[in-house]
Each structure stands twice: as structure tokens, then as C-alpha cells.
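**Student:** A predicted structure for the sequence below; I have some questions about it.
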Amino acid sequence: MIKDLALVTDPKTASFEEMLKKEVAKKIDLNASEIRYIRINKKSIDARSKDIKVNLTVQVFIGEMPDNTPYPFNFQNVSGKKTVAVIGTGPAGLFAALKLIELGIKPVIFERGADVSTRKKDIARLNREHLVYTESNYCYGEGGAGTFSDGKLYTRSNKRGDISRILKMFHYHGAEDSVLFESHPHIGTDKLPEIIKNIRDTILNCGGEIYFNSRIDDIIIENSKVTGVKTLNGDIYNAEALVLATGHSARDIYELLNRKGIALEAKPFAMGVRVEHPQVLIDSIQYHRKERGPYLPAASYNLVSQVDDRGVYSFCMCPGGYIVPSATSPDEIVVNGMSASRRHTPFANSGIVVEIRPEDYQKFSQYGVLAGLHYQKHLEQLARNTGGKGQCAPAQRLFDFVKGKVSDNLPQSSYIPGLVSSPLHTWLPEEISSRLRKGFQVFDKKMHGFLTNEAYVAGVESRTSSPVRIPRNPETMEHITVNGLFPCGEGAGYAGGIASSAMDGENAALKISEYLQRK
């Protein structure tokens, strides 16, 4: 017999199988020995009071064990099938490729960066020696930016489809069971590389192809229809259609499209700083206690406010995490955040960003639709010029930043390349600086103790999303003027994060199947 049950318990009971079994048995008036297995379907923490509770939805298997439910995937051998080019191995590109294989279509994937193992070595050199490899870094390489920027798997958007299928795909390729039931599932940067390798193996074993260190130099278009791609070294590959999933940092792709007269449009984006607190401080604020104890995860937060008619909000909050250097060129400083699966560092960091509007980048208007992109780049170069050597990030204690005071010293940091004291309040553009300073005061009212000199801000957090959108037909997902061109994911301006990008990639594959049937 299988019984569905919702219960509320304490963190310790929720952490131990035998304790949970006894609690469930008591609730349904059974002997615990009759319960063979408990499957957790949903789990969330309610920390609104000091008496913290864990909400669980479970399936209780009484007198029987669960069947091994098959995964809902049908991977086919696509050798010799119709070929679709996929540019980018981020979540949009990889999940588009996996879905194409299920649909009997062969994906040929081009990744400008290195495979994930080589990429890990390049990132280690970036942290230790400040060497920015322009094609292999935290943004470029197998798995995309998500591989080394935390691996959160939740999304606020339900319009793209069923996220459970995405979570099951990650689980199939090696993610832990918790991704299937946690309210905010997270894989961790230590686990994602192996999962990405497993996805690669699935694609190759089914007859797909993957080419690393293969930056696309041109998209071949004949009679307003995509017919292939050309790599930087001159190799030409024919294709029936093209998935453009290059991510939010591939500025050269936007410039290529712009040169070719392929329609682009400006879109809203945000920029700001990354703030880092001691994790124990965030724990004490969120859990209403001095220590969180052994049965609660590192606490997170989600903050949003309107300041002077613009949104100011937290972005990519990483409890127990690191701040990392995410520049794609040596003349930039870009900061981002990540967490390993255990979220075990003594630091909590988050992007705090301000909504950017077209009037902010009027002085870059000569770049037309790419003006926002050049404003973004300008701020990253400004951070580099005001920082220290290499990839040292300009930083300021949080309370000093709000009060407009230069920090004489800086707190301990998770940022491996190092920090240098800098008056961010003077060189950040006024439209960003003033709203951040007011925003932090608002956030301190929501989380008393948040505004403190135990924390610091580092600049700049500029790659929250792309300033450019590649317009597409909402029904077919094709570009509005080029047949067979399917822009998707963050770089196309239609997603924000791993899960939503993966769903957008799958949806693009479905539309490509329809397109090929019409041809």
C-alpha cells in the first residue's frame, strides 16, 4: 500500500530516516516496522519564527518497496539523421541537443571554450595567477556559465513548461536525489562538472557530435534561411537549422549578427555589486538564533525594493559560497558567486543590482542597439582601472559604502584573487551608486543587521543578463526574419538561470522538429 502524506516536523527529525519513519508511523497509526520506504516529494523550511519547522510531502510505502520508475526519456541513435547545429554548451544548448536526440535529430554542437576538465585547470590559473583565458573561463567552456556559478535549479517562471523534467534529466545524469524534492534545488559547482561530462557522453553515444575550442565566426544564410556555420579556423558545417545558445557574455555573437543585418533589440538588464557577509550573521538574522545548528542548511535571502522608481534586488544569492572572477577579457573586472554542494564556507554572498534604463547609456548611442552592451563593458573596465593588479577586485566595507567613506581596510574574503580598497561610491555611475546606497538601508530594515561593516561590496556585478535580445516569433521560436535560426536561453534574452534556460532549449528543439517537418 502507498499512502500520500503531508507533515510538519523539526529539522532533526527530517534529517534522519529512522526518526522520520517513527514520526510518520505515529501520524498514520502504524508500527514503524511496517513502513518499508519513505519517498520525499517536496521539502521546504519554515523559518518565520524561532521554532523552525520542515514541511514535507511524502509517499509512504507500507509492506512494499517502490518500483524503479523509468525516466521519461527516449534517447535514440541519430547517426545519419538530419543535422542541426547547436552553438554553445550551456544549459540551453545541452538540453536542446538532448531533446533533439529524443526527437530523432542529430545535434552537432560547437563550443568556443574547452572541455570541462581543461576548463577547471584554466579557472585554477585564473584564481591563482590572474590569467584570464579569453575562451576558457567562468563564462566560456563546456557547461556554460552555470557550471561554475552555483548550479541553482529553481525558476520563478512556469510558462516554459514542466521543470520536473529538467530536474529528472539532471538526476539521470548524476545529480543527487535532493534535486527532485527540495523547494530550492541546488547541485553545486563541485558536482556539476561530472554531470556535464555524463551529458556529453549521452550525446556522443547517441551519435551527436561536439567540437570544443570551436568559436563560430559566421552564420551562413542563403535566401533568408540558415544553411550552416563557419568556425574561426575556416571550417564550414552544413545544417538544416541552428540553435543559437551562446549565453549572455558572447558579445562577439551580437556584433556578428548586427554586422549581418540580423535584427536585434535592446532589453532591460541590471548591474551593481556583489555583497559578502559572514554566513553566521545571515544565519542569525534568518533563523532568529545565534547558531543555526547541525540540521539546518546555510541560510539564504531574497531581497527586493523600489528605490527612486527603479528595482533594486538581490541576485544569485550563494549561501556558504565564494565570490569568483568572471571576466572574459584581461581588461575587465566582473564578479559572480557560486557554492559547492555542501555550502560550507564561512561566507554568504549575493549580487545586489539596480535596474538599468536606456537613458543611462545615452553616451554610447553611437553603438545603436548594442549601446547597453558597451555601457556594461565600460563599467567592467572602470572596475579594472580602479582595482589592483590582475583580477584584484575593487571593494569597500558595506557601511562605509553607504556612508560615502573610504575603507581603511577590508574584512576577510572568499574572493581568491584578492581585494583592494576602492571608493565605489565615487566611481560607480550615480544612477547605480545612489540607489544601491539607499537600497542597502531599506534591506537593513527587512533584515536587521544586514547593513554592517562586517560585510563588504565588490565590483562589478554586471553579467546578470544580456542587454540585448535576439527577437523571435513567439509561436515558432524562429528569428523574426531568418528561417531556421532558433535563438534561445539567456544569451537570446529569453531565460535567466539554468532551469529556465534548459526549458527554453528543450522548447526550441520541439519547434525545430516542427520546422524540419514543414521543410
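**Tutor:** All right, it came through fine. Please read these numbers as outputs of a predicted model, since none were measured by experiment.
**Student:** tell me the mean pLDDT for stretch 402-419?
**Tutor:** Stretch 402-419 shows a mean pLDDT of 98 in the predicted model.
**Student:** Work out the gap between it and the centre of the chain.
**Tutor:** The chain centre lies 26 Å from the centre of stretch 402-419; the measure is C-alpha atoms, centre = their mean, to the nearest Å.
**Student:** List the buried residues in it.
**Tutor:** Of all the residues in stretch 402-419, those buried under the rule 16 or more other C-beta atoms under 10 Å are 402, 407, 410, 411, 413, 414, 415, 417, 418, 419. (Glycine included, C-beta is placed from N, CA and C.)
**Student:** Pick the one among the residues you listed closest to residue 73.
**Tutor:** Within the buried residues of stretch 402-419, proximity to residue 73 (C-beta to C-beta) peaks at residue 414, which comes in at 37.2 Å.
**Student:** That closest one reaches residue 321, doesn't it?
**Tutor:** Yes. Between residue 414 and residue 321 there is a contact under C-beta atoms under 8 Å: 7.0 Å.
**Student:** Find residues that contact each of these two.
**Tutor:** Overlap of the contact sets of residue 414 and residue 321 (by C-beta atoms under 8 Å, 6 or more residues apart in numbering) consists of 345, 347, 349.
**Student:** Greatest separation within the buried residues of stretch 402-419: which pair is it?
**Tutor:** 402 and 417 (25.1 Å).
**Student:** what are the ranges of the strands in the stretch 351-500 of the chain?
**Tutor:** Listed in chain order, the strands of the stretch 351-500 of the chain (DSSP state E, counting those that start in this stretch) span 393-397, 419-421, 456-461, 468-469, 485-487.
**Student:** For residue 30, find the nearest of these.
**Tutor:** strand 456-461 (51.7 Å).
**Student:** So for the closest one, mean pLDDT?
**Tutor:** In this model, strand 456-461 has a mean pLDDT of 97.
**Student:** Give the other helices and strands that that strand contacts.
**Tutor:** Where contact means 3 or more C-beta pairs under 8 Å, 6 or more residues apart in numbering; DSSP states H and E, strand 456-461 is packed against strand 269-278, strand 335-339, strand 347-356, helix 371-386, strand 393-397, helix 398-403.
**Student:** Save the ones you listed as CSV, and put in distance to residue 438 too.
**Tutor:** Shown next, in CSV, are those (distance: least, C-beta to C-beta, whole Å):
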stretch, distance to residue 438
strand 269-278, 13
strand 335-339, 21
strand 347-356, 10
helix 371-386, 19
strand 393-397, 16
helix 398-403, 8
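**Student:** so which of these comes closest to residue 503?
**Tutor:** strand 269-278 (20.8 Å).
**Student:** Buried ones in that closest one, by neighbour count?
**Tutor:** Neighbour counts over strand 269-278 (16+ other C-beta under 10 Å) mark 269, 270, 271, 272, 273, 274, 275, 276, 277, 278 as buried.
**Student:** What of stretch 318-338?
**Tutor:** 318-328, 332-338.
**Student:** Stretch 189-206 too?
**Tutor:** In stretch 189-206, counting by 16+ other C-beta under 10 Å, buried: 189, 191, 192, 193, 195, 196, 197, 199, 200, 202, 203, 206.
**Student:** so of the residues you listed, which ones are in strands?
**Tutor:** Counting by DSSP state E, no part of the buried residues of stretch 189-206 is found in strands.
**Student:** pLDDT check: weakest of those?
**Tutor:** Within the buried residues of stretch 189-206, pLDDT reaches its minimum at residue 189, with 90.
**Student:** hmm, back to that, and which of the buried residues of stretch 189-206 is nearest to residue 43?
**Tutor:** Distance to residue 43 across these (C-beta to C-beta) is lowest for residue 191, with 18.6 Å.
**Student:** Test my guess that that closest one contacts residue 174.
**Tutor:** Yes. Contact criterion C-beta under 8 Å: residue 191 and residue 174 qualify, at 7.4 Å.
**Student:** tell me the contacts of residue 399?
**Tutor:** Counting by C-beta under 8 Å, 6+ apart, residue 399 touches 451, 452, 453, 455.
**Student:** what would those residues look like in JSON lines with distance to residue 179 and neighbour count?
**Tutor:** Output for the contacts of residue 399, formatted as JSON lines (distance: C-beta to C-beta, whole Å; neighbours: other C-beta atoms under 10 Å):
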{"residue": "451", "distance to residue 179": "34", "neighbour count": "18"}
{"residue": "452", "distance to residue 179": "34", "neighbour count": "16"}
{"residue": "453", "distance to residue 179": "37", "neighbour count": "17"}
{"residue": "455", "distance to residue 179": "30", "neighbour count": "23"}
